[in-house]
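A.B. asks: quick one, what's the 3D model for this:
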Amino acid sequence: MAVKAQRLKSARPSKFSTRIVRRCWRCGRRRGYMRDFQICRICFRELALKGALPGVRKSSW
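C.D. replies: Residues are numbered from 1 along each chain as shown. Next comes the predicted model:
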């Protein structure tokens, strides 16, 4: 879980475009971020298994 100072720092406008830190809106995690859903891989898996993400389902073959 992100520290409060880290969340505030990443919320500020960055000086350069490469410094943008995208964070998960649920847990604040910055690694494993999925831009399409704006959440991290862990939260993505939890929401997908619950069926909370429309159009996403578990694949099997």
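A.B. asks: tell me where the protein has helices.
C.D. replies: With DSSP state H as the criterion, the chain has helices at 4-11, 41-50.
A.B. asks: starting at the chain centroid, how far to the last one?
C.D. replies: The one in question is helix 41-50. 11 Å (CA atoms, centre = their mean, to the nearest Å).
A.B. asks: out of everything not next to it in sequence, what's closest to R29?
C.D. replies: Computed as CB to CB, 6 or more residues apart in numbering, the closest residue to R29 that is not its neighbour in sequence is C40, at 4.1 Å. From N, CA and C alone the C-beta is placed, and that goes for glycine too.
A.B. asks: next, count neighbours for the one you found.
C.D. replies: 22 (other CB atoms under 10 Å).
A.B. asks: kindly report the same for K50.
C.D. replies: Applying other CB under 10 Å, we find 8 other residues in the vicinity of K50.
A.B. asks: gap between the residue nearest to R29 and R31?
C.D. replies: According to CB to CB, to the nearest Å, C40 and R31 sit 7 Å apart.
A.B. asks: what does I20 give?
C.D. replies: When I20 is compared with R31 (using CB to CB), they lie 14 Å apart.
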